[in-house]
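Student: Need coordinates for the below:
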Amino acid sequence: MPTLRPLLFSALALAAVPTLAQAPAEALAAVSADDLLTHIKTLASDEFEGRAPGSPGEAKTVAYLEQEFRKLGLKPGNPNGGWVQPVPMRGMTPTPSFSYTIGGKTVALDFPEDYVAHSTSQPARVAVDRSEIVFVGYGVQAPEYGWDDYKGVDVRGKTILMLINDPAVPDPKNPAELDPAMFKGKAMTYYGRWTYKYEIAAKLGAAAAIIIHETKPAAYPWDVVRSGGNSENFSLLRDGPDPDAPAVPGWIQLDKAKAMMAAAGYDFDTLKRQALTKGFRPVSLKGTASFKIDNTARTVNSNNVVAMIPGSDPKLKDEFVIYSAHWDHLGIDARLPGERTRQIYHGALDNASGVAALMEIAKAYKALPPAQAPKRSILFLATTAEERGLLGAKYYAAHPLYPLKKTVANINIDGINAWGKTAQIENVTSGHSSIDALLAKYAKTQGRVMDGDSRPELGSFYRADQLEFARAGVPVLYTKARSRYLDKPENYAREKVDYYFSNDYHQVTDDFRDDWDFRGGVQDIQLLFQVGLDIARGVTPTWNAGSEFKAAGDKRLE
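Tutor: This next block holds a predicted model:
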């Protein structure tokens, strides 16, 4: 039985929905589980080599996407007549060293077992010599919560050590729960993202910023950090230093961080408890850190793939609905043991499935009768380097092919439900814009309800490409289906999600599976098609007054 909260939420949302006809059955029927599986199996095959940017796998992926969009009858999405938007990047394969000296004893850590570190600065060699180590709690400055982990302490030139996620502040009324008035309680905010932690470190002039990895709050094991940090890193090509990261950003294994603190006479658990209070002040570990990073660097001419269905209305065709999904994954690591297929990060669910969904949505639009063709134009954007910091989406938001003022919505897809039908659709972007009402409306036609994110602690809003569109002021939608599976035990969804993050996420085991059940995934794709179709027919989404992105939305329309 559905709970009262999602039913009430859906009812309130539906009250404000414009009445438009549901998509015709032939368009909905165009979404095919068999075709979805074919695309995933192809893109996640050994032939595509893990789809790393700047690799032969990218060339094969881009060619495949162009071929499939052509087959569907789409037009090239770049105004210059091409199928790609070039995204110039710098690829860097690091060879780092890291040691610290505390109490007269120097300890050298092993890469990548103990730590990972890289640099997005321009020099081939980056060195940080005997930099004071300072523990800065969660490394957060959040004036709206009265929170400042730096307290005016000058960290210029220093190595700052910080905790993962945002502060998990206990609720004073119920210490077993998190305070809903602080950092959205259980939900992760942008302050908890590693990108924010590096950005604030760069802003304050730190030389290095090292995040302490903890498996439970991260929701993924050290192997995920190791595999990412042990491969080629990317940044957008620019002159001068990276404004979004210090000279050395990195991560450290929990046990190694504890040992570092113990050497300075501090207990990790005690410092962590202190960091959960507004009164926390930075703590010097009475020692220094030294880094050397030799980068094997290259210019990478990567690409976003863009395809378009032009709008049919003379006035609205210059406005756009963007469907996005990242095509990239982590490539090959020849240092891994075993045969070649066990060295390839196939990225089947992350995100061959999302790209396959783009194809199915495009097919649904092309199946519409001419009289029901979308009035606004539809842009299908397959982005590069999402796994490296949302770089393809970030580049598009900074260099849009069509004005963002004319971009009315972004619907992003990162992973498709492969485990069966669900009673609800989770709106990760719930509460931010009027798109919620459209999603609730069409979920109801499927006999489902819309609810918020069932795993807000994962911070999904801030971990996928729609974030860059939201930051640019474009209303966004990002959904998941990871709860309330039909005809399954109550804990089925949590077990599936937890298993995936613990065993397959960013691992070579994210591979094609014969036992997948995409009936629920097909429903989700049909749902995203119908929401986008309403917007393409003329419904214009708006930001809600309480959204953190409303100011950017207002600025976009100036």
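Student: which residue ranges form the strands in the stretch 301-450 of the chain?
Tutor: Remark: strands assigned in the stretch 301-450 of the chain by DSSP state E, counting those that start in this stretch are 320-326, 331-332, 344-345, 377-383, 407-412, 424-427, 449-452.
Student: do the stretch 451-558 of the chain as well
Tutor: 476-480.
Student: separation between the closest residue to Q22 other than its chain neighbours and A23?
Tutor: Counting by Cβ to Cβ, 6 or more residues apart in numbering, Q22 lies nearest to T445, which is 6.1 Å off, once chain neighbours are set aside. (C-beta placed from N, C-alpha, C; glycine too.) Remark: distance between T445 and A23 (Cβ to Cβ, to the nearest Å) = 10 Å.
Student: shared neighbours of those two, anything?
Tutor: Q530 (Cβ atoms under 8 Å, 6 or more residues apart in numbering).
Student: quick one, which of the two is more surrounded?
Tutor: When T445 and A23 are compared on other Cβ atoms under 10 Å, the one with more neighbours turns out to be A23, at 22 against 13.
Student: surely the more buried one meets V531?
Tutor: No - in this structure A23 lies outside contact range of V531 using Cβ atoms under 8 Å: 10.2 Å.
Student: what angle separates the helix of greatest length in the chain from strand 320-326?
Tutor: Secondary structure of the chain read by DSSP state H shows that its longest helix is helix 519-537. Per axes from the mean of the first three to the mean of the last three Cα atoms, to 10 degrees, the angle that helix 519-537 makes with strand 320-326 is 150 degrees.
Student: List the buried residues in helix 519-537.
Tutor: For helix 519-537, burial by neighbour count (16 or more other Cβ atoms under 10 Å) applies to 520-537.
Student: other SSEs contacting it?
Tutor: helix 25-29, helix 33-43, strand 320-326, helix 353-366, strand 377-383, strand 407-412, helix 435-445, strand 476-480 (3 or more Cβ pairs under 8 Å, 6 or more residues apart in numbering; DSSP states H and E).
Student: Reformat the ones you listed as TSV; add distance to G81 and mean pLDDT.
Tutor: Conversion of the helices and strands packed on helix 519-537 to TSV gives the following (distance: least, Cβ to Cβ, whole Å; pLDDT from 0 to 100):
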stretch	distance to G81	mean pLDDT
helix 25-29	28	94
helix 33-43	25	97
strand 320-326	17	98
helix 353-366	19	98
strand 377-383	15	98
strand 407-412	20	98
helix 435-445	31	97
strand 476-480	28	97
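Student: Present the ones you listed as TSV; the columns should include distance to K151.
Tutor: Output for the helices and strands packed on helix 519-537, formatted as TSV (distance: least, Cβ to Cβ, whole Å):
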stretch	distance to K151
helix 25-29	56
helix 33-43	48
strand 320-326	38
helix 353-366	42
strand 377-383	38
strand 407-412	37
helix 435-445	39
strand 476-480	35
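Student: R463 against W194, yeah?
Tutor: No - using Cβ under 8 Å, R463 is not in contact with W194; the gap is 9.7 Å.
Student: check contacts around the closest residue to E47 other than its chain neighbours.
Tutor: Nearest residue to E47 in three dimensions, chain neighbours excluded: K60, at 6.7 Å (Cβ to Cβ, 6+ apart). By Cβ under 8 Å, 6+ apart, K60 lies in contact with E47, F48, E49.
Student: pLDDT score assigned to the last one?
Tutor: Yep, that's E49 we're talking about. For E49, the model assigns a pLDDT of 97.
Student: Give me the three-state assignment for the residue lying closest to it once chain neighbours are set aside.
Tutor: Distance criterion Cβ to Cβ, 6+ apart; nearest residue to E49, sequence neighbours excluded, is G57 at 3.5 Å. Secondary structure state of G57, per DSSP: H, G, I helix; E, B strand; the rest coil, is helix.
Student: measure G57 to G331 for me?
Tutor: 6 Å.
Student: before we move on, what about W543?
Tutor: Distance from W543 to G331, by Cβ to Cβ: 37 Å.
Student: ok, now Q424?
Tutor: The gap separating Q424 from G331 is 35 Å, by Cβ to Cβ.
Student: again, but for W419
Tutor: Plainly put, W419 is 27 Å away from G331 if you go by Cβ to Cβ.
Student: still on that earlier bit, settle it for me: which of R463 and W194 has more neighbours?
Tutor: The neighbour comparison of R463 against W194 (other Cβ under 10 Å) goes to W194, with 21 against 18.
Student: so what's the residue nearest to that one when sequence neighbours are not counted up against?
Tutor: Nearest-residue entry for W194: I211, 5.8 Å, with adjacent residues in sequence omitted and distances by Cβ to Cβ, 6+ apart. For I211, the contact set (Cβ under 8 Å, 6+ apart) comprises M162, L163, I164, W194, K197, G250, W251, I252.
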